[in-house]
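Chemist: How does the following fold in three dimensions:
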Amino acid sequence: MSAIARDAWSCLSSLEENEEVEPEELAEARAHLPRASREELVAFVSRHRASRRWLGKLESFYRAHPCRMARVHLLVASAVTLGRFWGVSAPFARLGEAVMPVDIHGRPRTRSWEAYARACEEGLPIEVCDERWIDAHMQDAAAAREAGLEAAFLAEARAHAEEPLWRLLVQHLEMTLGSRLFDQPALAGAVPGEAAIAHGMALAVGRLLHAGWSLLRHYALATARALLFPRGTRRGDLLGDRRVALLLLSSFMTAWAAARVYRRGVRSLRRGQQTGPTDSWPLLAGALGGGVAEVDARVVRFYSNPGAYAVRASVELRNWGARAVAWLATRLLGQGVTASGERAFPACFRTFRRADGSMHFVRELYCDGALRVFDSDFVVRGGTLYEVFVEQGLEVEMEVRALDRGGVSIRGRRVRWRGLPVPTFGLGVEFRTYPAEEVTERVDIIGTLTREPRSGTQASPRVLGTLRYQAARA
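Modeler: Residues are numbered from 1 along each chain as shown. Model (predicted):
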């Protein structure tokens, strides 16, 4: 038996100590395992108690650290507890325990779950919490498979292939872990985690609607029985049947929010393959030609792959006009920032490689609990840099020039929507990037939203808003 399997078994065994088995529990175990010995019935009771106890720890953890995927996990765990599935199969129980986010003390079990809990405690956007949940859960599922827990359960299930209850256990596994075909590519960075989980969700729902009616009927009957004729009452840290059923129903009503995770996953898949720190694009060299020699090497390296940098950002909108422009950009294009303030907040740059080799550049800003996303392609055509917002059909021609002190300016020049020129009404956006003064692998980026003065005047362009980034090599 592998190390993880031994650890899971020791946790389950420790829950059996100093606990007396009640006659009603043995009778219930006999109803599920009619040909079992007394020892097997006692083991059934112990595993079912463990399921109730773990569900309580799971509920407490997710109450303090919520996200949309947490509701799905609570829904599945509640259904398993009502179905007595842990009691039926020891390998199934060990597999379920292996994907719990907490240990027996209720603390995050791995560093990935600590990162998830920290994101919740820091008030990061729920999309970030979902993303960290997905990463931690996929690592757990992969570790459980590598430890042989899934194979051990399937081997036991084959010996009971003629029994209806065991077929339900196999169906449940197929709807959950069995639908996750892209976990390994996601963990390897070949596809985004949201895309992998979205594919798994779509496959699970499809299987459930086509061949899972017997499983749904089993859960529905177990839920109704728990509400009307509860057999287990709350005792200590053991949740009672009625409480589990209410938790299942509340999770069912809120788990539909995970549809947004699905949509985000599909969108992530369209971006291309997420890149690593060694990938690069010659964007500045393509746009500046020989003039790239005037740009500091740190700035060149940054634009070669912005996704390799850790980022913080701040936004300043100087008047109501700037806020109105930002609000319209957010509503019409789905891309914009309406928050303002001097305080820096976390941000994230991600780069993806399109099938044609171009760079897809995603900038995520975590503004006071809300996620703001700038999502576009960067391509060089005939020595000119273009930023293309694919979903909106917008294409911005950029003017790139070298600045003093090794910096570079990237300024929007012409805007086209589906090939048609779009008036800018005197508004302009420019990003100036400079290497940090100290000798570090860091660049400072200042983006300005300006309005050109009326024609015939000598006034300078009016600055409406400023977006600042500090990007350091991760």
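Chemist: what about the strands in the protein?
Modeler: Using DSSP state E, the strands of the chain run over residues 273-274, 309-317, 341-353, 359-367, 370-381, 384-389, 394-402, 408-417, 420-421, 427-435, 442-451, 462-473.
Chemist: Quickly, which of those strands bottoms out on average pLDDT?
Modeler: By mean pLDDT, the lowest-scoring of those turns out to be strand 273-274, with a mean of 75.
Chemist: What is it packed up against?
Modeler: With contacts defined as 3 or more CB pairs under 8 Å, 6 or more residues apart in numbering; DSSP states H and E, the packing partners of strand 273-274 are strand 341-353. (C-beta placed from N, C-alpha, C; glycine too.)
Chemist: Now tell me what touches the strand it packs on from outside.
Modeler: The contact list for strand 341-353, computed with CB atoms under 8 Å, 6 or more residues apart in numbering, reads 124, 271-275, 279, 305-309, 311-316, 359-368, 468-471.
Chemist: Show me which of the residues you listed are buried.
Modeler: 124, 271-275, 279, 305-309, 311, 313-315, 359-367, 468-471 (16 or more other CB atoms under 10 Å).
Chemist: how many neighbours does Leu41 have?
Modeler: 20 (other CB atoms under 10 Å).
Chemist: Which residue comes closest to Pro306 once chain neighbours are left out?
Modeler: Phe349 (4.4 Å; CB to CB, 6 or more residues apart in numbering).
Chemist: What's opposite that neighbour in the beta bridge?
Modeler: Beta bridges link Phe349 to Arg363, judged by DSSP bridges.
Chemist: Roughly how far does it sit from Ala285?
Modeler: 20 Å (CB to CB, to the nearest Å).
Chemist: Settle it for me: which of these two has more neighbours?
Modeler: Phe349 (21 against 17).
Chemist: which residues touch Met110?
Modeler: Not Met; residue 110 is Thr. Contacts of Thr110 by CB under 8 Å, 6+ apart are Ala136, Gln139, Asp140.
Chemist: ranking the residues you listed by neighbours, who comes first?
Modeler: Of these, with other CB under 10 Å as the count, Ala136 tops at 24 neighbours.
Chemist: Isn't it up against Pro101?
Modeler: Yes: under the criterion of CB atoms under 8 Å, Ala136 makes contact with Pro101 at 6.6 Å.
Chemist: so what sits against both of those two?
Modeler: Trp113, Tyr116.
Chemist: Low-confidence regions, the stretch 201-350 of the chain specifically.
Modeler: 211, 232-236, 266-267, 269, 318-343 (pLDDT under 70).
Chemist: which residue is nearest the middle of this structure?
Modeler: Geometric centre of the chain, nearest residue: Glu131, 1.6 Å, by CA atoms, centre = their mean.
Chemist: Read off the pLDDT value for it.
Modeler: So, for Glu131, pLDDT stands at 88.
Chemist: returning to what we had before: could the contacts of Thr110 go into TSV alongside distance to Met253 and pLDDT?
Modeler: Converted to TSV, the contacts of Thr110 look like this (distance: CB to CB, whole Å; pLDDT from 0 to 100):
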residue	distance to Met253	pLDDT
Ala136	25	93
Gln139	29	91
Asp140	26	92
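Chemist: any idea how the chain splits into domains?
Modeler: For the chain, automatic domain parsing gives the domain ranges 3-270, 273-473.
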